[in-house]
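A.B. asks: Got a predicted structure here, sequence first:
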Amino acid sequence: MPPWPRTRQGRTSPPRGAFPRNWWPRPRSAPGKAASPPASPWVFAQVDPEVEVEPAVADGARLADGQVLVHLSGSARSLITGERTALNFLQRMCGIATLTDRYVQAVAGTRARILDTRKTAPGLRALDKYAVTAGGGHNHRLDLAAMVLLKENHIAAAGGVTAAIEAVRRGMARTGQTVESDVEVQTVTQAAEALDAGARWIMLDNMPVADIEQVVKFRAGRADASRILLEASGTIRLDTVLAIAGTGVDLISVGALTHSAPALDLTMLLTTGPVPCPR
């Protein structure tokens with residue numbers, strides 16, 4: 001759909017009292033990634049249902065400095081009223097996608113996939129996780145019901161790694177529900193115990209690279225190695241992620257993707273008069 005109606009002659013012209021609008025992304029230090037979920041249409045729909053929103057690039061596309069991200073058409077009053085809220089959503093989403101892309105590019109050529117976490121802004125989890133996928137990352141569990149994650153406090157309360165795993169199995173058998181289970185460990189000894197207990201997904205939390213490499217070797221020596229996922233997590237940074245990926249882990253979860261992503265610099269600029277309809 002064009003951002004404003006076409007005339008009978010097939011030419012474009014804005015409706016009376018309306019002005020075409022453009023949002024121009026301005027990455028400051030690195031190329032950006034587009035992530036424009038339905039948040040913008042939602043915002044302007046609350047302000048004025050007559051405002052039309054037309055994405056200028058696909059989600060996941062790379063953005064150059066000054067490139068148009070979204071075309072808007074509507075009354076100046078409506079557009080300016082919704083400007084800040086819409087920009088807040090877009091800057092956050094594009095910022096998450098951009099940071100995710102940097103992590104994905106950092107581990108290119110390894111087997112590791114970049115995952116997000118539940119460390120998202122309250123009320124914005126679905127949008128935050130959508131932005132991660134726009135940046136080339138993958139989603140970890142969406143909520144507590146999506147999978148079991150046995151963390152250190154669960155293990156301490158249960159009396160150990162094996163006891164915690166067995167407690168989850170009993171609970172699933174009792175309720176008839178089956179979901180994926182991820183077991184968090186902090187040491188090589190705990191990881192070996194989780195492997196012996198039949199864990200199929202093990203999170204290596206804040207473990208040194210040398211210890212991660214040892215756990216990867218333990219897995220390789222097992223007959224069921226191909227059925228076991230190893231995930232590295234805990235204070236993963238851009239300057240350390242490649243070394244961690246090089247150990248042979250399958251997954252690397254990064255909380256910073258959603259709790260510390262810098263907002264991408266965007267601004268909304270108003271233009272007046274006929275503007276060529278975007279193709």
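C.D. replies: Everything's here; your move.

A.B. asks: residue ranges of the helices in the protein, please?
C.D. replies: 39-47, 76-106, 125-134, 152-158, 161-175, 188-196, 209-220, 241-245, 256-259 (DSSP state H).

A.B. asks: and the last one, how far out from the chain's middle?
C.D. replies: Right, the one you point to is helix 256-259. Counting by CA atoms, centre = their mean, to the nearest Å, helix 256-259 is centred 8 Å from the centre of its parent chain.

A.B. asks: Contacts for that helix next, please.
C.D. replies: By CB atoms under 8 Å, 6 or more residues apart in numbering, the residues outside helix 256-259 that reach it are 96, 99-100, 103, 114, 116-117, 119-121, 128-129, 131-132, 135, 137, 236-237. Heads up, the C-betas are built off the backbone N, CA and C, glycines and all.

A.B. asks: repeat that for 7 Å
C.D. replies: Residues outside helix 256-259 that contact it (CB atoms under 7 Å, 6 or more residues apart in numbering): 96, 99-100, 116, 119-120, 128, 132, 137.

A.B. asks: again with stretch 237-251
C.D. replies: 102-103, 106-107, 110-113, 115, 209, 212-213, 216, 229-232, 236, 252.

A.B. asks: Asn166: neighbouring residues, count only.
C.D. replies: Residue 166: Glu, not Asn. Glu166 has 14 neighbouring residues, counting by other CB atoms under 10 Å.

A.B. asks: Next one, pLDDT for the residue nearest to His154 when sequence neighbours are not counted please.
C.D. replies: Excluding the flanking residues, the one nearest His154 by CB to CB, 6 or more residues apart in numbering is Ala164, at 5.5 Å. Here the pLDDT value assigned to Ala164 is 97.

A.B. asks: try the one 3 residues further on
C.D. replies: pLDDT, the model's per-residue confidence, is 96 for Ala167.

A.B. asks: How about the contacts made by Gly160?
C.D. replies: No residues are in contact with Gly160 under the rule CB under 7 Å, 6+ apart.

A.B. asks: Quick check, pLDDT for it.
C.D. replies: For Gly160, the model assigns a pLDDT of 97.

A.B. asks: same question, Ser36
C.D. replies: Taking Ser36 on its own, its pLDDT is 83.

A.B. asks: again with Gly10
C.D. replies: On the pLDDT scale, Gly10 gets 37.

A.B. asks: likewise Pro5?
C.D. replies: Looking at Pro5, the pLDDT reads 32.

A.B. asks: same check, this time on Arg125
C.D. replies: The confidence metric pLDDT takes the value 95 at Arg125.

A.B. asks: do you know how far it is from Met268?
C.D. replies: 26 Å (CB to CB, to the nearest Å).

A.B. asks: What of Leu142?
C.D. replies: With CB to CB as the criterion, Leu142 and Met268 are 31 Å apart.

A.B. asks: If we ignore the residues flanking it in sequence, what's nearest Ser181?
C.D. replies: Val148 (4.3 Å).

A.B. asks: The one you found and Arg113: what is the separation?
C.D. replies: Val148 is 20 Å from Arg113, by CB to CB.

A.B. asks: Of these two, give the one with the bigger neighbour count.
C.D. replies: The residue with more neighbours, out of Val148 and Arg113, is Val148; 21 against 18, by other CB under 10 Å.

A.B. asks: And stretch 166-180, what's buried?
C.D. replies: 167-168 (16 or more other CB atoms under 10 Å).

A.B. asks: CA-only coordinates of that stretch, as PDB, when you get a sec.
C.D. replies: Output of stretch 166-180 as PDB, limited to C-alpha atoms (Å, rounded to 0.1, in the frame of the first residue of the first chain):
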ATOM      1  CA  GLU A 166      15.200 -36.500  39.200                       C
ATOM      2  CA  ALA A 167      12.700 -34.200  41.000                       C
ATOM      3  CA  VAL A 168      11.800 -32.600  37.600                       C
ATOM      4  CA  ARG A 169      11.300 -36.000  36.000                       C
ATOM      5  CA  ARG A 170       9.000 -37.100  38.800                       C
ATOM      6  CA  GLY A 171       7.000 -33.900  38.500                       C
ATOM      7  CA  MET A 172       6.600 -34.400  34.700                       C
ATOM      8  CA  ALA A 173       5.500 -38.000  35.200                       C
ATOM      9  CA  ARG A 174       3.000 -37.000  37.800                       C
ATOM     10  CA  THR A 175       1.400 -34.300  35.700                       C
ATOM     11  CA  GLY A 176       1.800 -35.900  32.300                       C
ATOM     12  CA  GLN A 177       3.500 -32.800  30.900                       C
ATOM     13  CA  THR A 178       6.800 -32.900  29.100                       C
ATOM     14  CA  VAL A 179       8.900 -29.900  28.400                       C
ATOM     15  CA  GLU A 180      12.600 -29.300  27.600                       C
END
